[in-house]
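> sequence plus the predicted model coming up.
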Amino acid sequence: MTVSYQYEVASSTSGGFTRLLFMWRGSLYKLIYRELLLFLIAFGLLSALYRNAFTLEQKRLFEKVVIYCDTFINLIPLSFVLGFYVAYVAGRWWQQYTAIPWPDKVMHSLALYVGGNDEQGRILRRTLMRYLNLSLVLVLRSISSAVKRRFPTMDHIVEAGFMTPLELEMFLSVPNVEFNTYWIPCTWFISPYFYLFIAISIIIKSYNGFSEFNEFRSKCGLLWSYDWISIPLVYTQVVTLATYSFFLAALVGRQYVEEAKKQLQMEIDIYLPVFTILQFFFFMGLLKVAEQLINPFGDDDEDFELNWLIDRHTKVSYLGVDILMAKAPPLVKDKYFDEVNLTLPYTGAAFAYKKKTYRGSVHNMQ
């Protein structure tokens, strides 16, 4: 599930972001520590070989390679390529979240227009909401590994109560060799829906509810499309190749060599490449961010908790169209019913947030 740290930065204070550096879950360190450890081991081995194992001729050749790599490493436009790619992936990541459908609008439309607390009315409302949630489960099951593990077969969906055995038989009878049939429950939704509203001749109200249903159905298709149409593979390969090529060149080009002080301005013998490590944090961290966000329907720390959403949507749907309809509070006078200029209370802790009303920049102008 997405790592939330909003409370930690609720106010801008000294060292506010510094506290976030010590978090592990979803952190930069958790993403890149394996690659950084491998880089440092390889860097140390090369340095040890140069200092202790190479002959004089091998040292001179190695120094030329170091100078060559260090001279041309900046020709790789890593900052531009990686920054643009991560910005695009992050934007797509948020768009995929907003594409996840929520049944609340359809739920409220059904609760408003489909009345009756009798058993038939309850069955109709609950069945319609079950069909919507079933469509969502089917599409998420086809794009998310976490949901697929929860519902590995259609029998598990029946066992969870999203589908009856008869509905499963009808679902499997539809030819689905060539395409995904997650939309079949939406067709079941339409039949009783239109029958109800045509029977009671409320066409305008049915259009309002049906538009919410269409939005839900469209977002299910949009989710499936995001899974089908990925970011072009060539773009991802270019960014990955550029990042790893940069650090392969840095692995050699950032080595200390004895003859370097005659050709480069590096006369300090460094055993630990501090600034190269910082570059590794920045560039490799950005690549790992893109790797984590490119498919938010997996098992990473920043991926969407889709199983929780399924639980939430199912519970809220049944509450909204059934239980809460029969337990609405009675109409009463509010606390300020007879007051004209009411004053709302503040606690002592919140009193500092009470501000005067803004009336315009020239309100007090004489």
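Yes, it's here.
> can you pull the poorly scored residue ranges out of the stretch 51-200 of the chain?
177, 192-200 (pLDDT under 70).
> hmm, try it at 90
51-81, 83, 105-126, 128, 173-182, 186-200 (pLDDT under 90).
> which element is residue 286 on?
Using DSSP states H and E, residue 286 sits in helix 285-293.
> elements contacting that helix?
helix 28-52, helix 78-98, helix 233-253 (3 or more CB pairs under 8 Å, 6 or more residues apart in numbering; DSSP states H and E). For every residue, glycine as well, the C-beta is placed using N, CA and C.
> who touches that helix?
28, 31-32, 82-83, 85-86, 89-90, 92-93, 239-240, 243, 300-303 (CB atoms under 8 Å, 6 or more residues apart in numbering).
> change it to 10 Å
Identification of contacts with helix 285-293 by CB atoms under 10 Å, 6 or more residues apart in numbering yields 26-32, 35-36, 78-79, 82-83, 85-94, 96, 231, 236, 239-240, 242-244, 298, 300-303.
> what of stretch 43-52?
53-54, 58-59, 62-63, 66, 247, 250-252, 254-258, 269-273, 276-277.
> quick one: distance of it to the chain centre.
42 Å (CA atoms, centre = their mean, to the nearest Å).
> can you give me the buried ones in that stretch?
43, 46-47, 50 (16 or more other CB atoms under 10 Å).
> with stretch 283-295 instead?
Result for stretch 283-295 [16+ other CB under 10 Å]: buried residues 283-295.
> specify which member of the residues you listed is nearest to residue 157.
residue 295 (23.1 Å; CB to CB).
> residue 31 versus the closest one, what's the distance?
From residue 295 across to residue 31, the span is 15 Å (CB to CB, to the nearest Å).
> and residue 190, by the same measure?
The value you get for residue 190 to residue 31, if CB to CB is used, is 45 Å.
> of the two, which one has the most company?
residue 31 (20 against 14; other CB atoms under 10 Å).
> show me the contacts for the more buried one.
So residue 31 contacts 284-285, 287-289, 291-292, 300-302 (CB under 10 Å, 6+ apart).
> mind redoing it with 8 Å?
285, 288-289, 292.
> turn those into JSON lines, columns for pLDDT and distance to residue 339.
Output for these, formatted as JSON lines (pLDDT from 0 to 100; distance: CB to CB, whole Å):
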{"residue": "285", "pLDDT": "88", "distance to residue 339": "56"}
{"residue": "288", "pLDDT": "88", "distance to residue 339": "58"}
{"residue": "289", "pLDDT": "87", "distance to residue 339": "53"}
{"residue": "292", "pLDDT": "87", "distance to residue 339": "53"}
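> which of the contacts of stretch 43-52 are buried? Put it as a PyMOL command.
Burial among these is assessed by 16+ other CB under 10 Å; the matching PyMOL selection reads:
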select buried, resi 59+62+63+66+247+250+251+252+254+255+256+257+273+276
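> picking up where we left off before, out of the buried residues of stretch 283-295, which one sits closest to residue 107?
Nearest to residue 107 among these, with distances taken as CB to CB, is residue 295, at 29.3 Å.
> ok, back up a step: buried subset of the contacts of helix 285-293?
26-28, 31-32, 35-36, 78, 82, 85-86, 89, 93, 96, 236, 239, 242-243, 300, 303.
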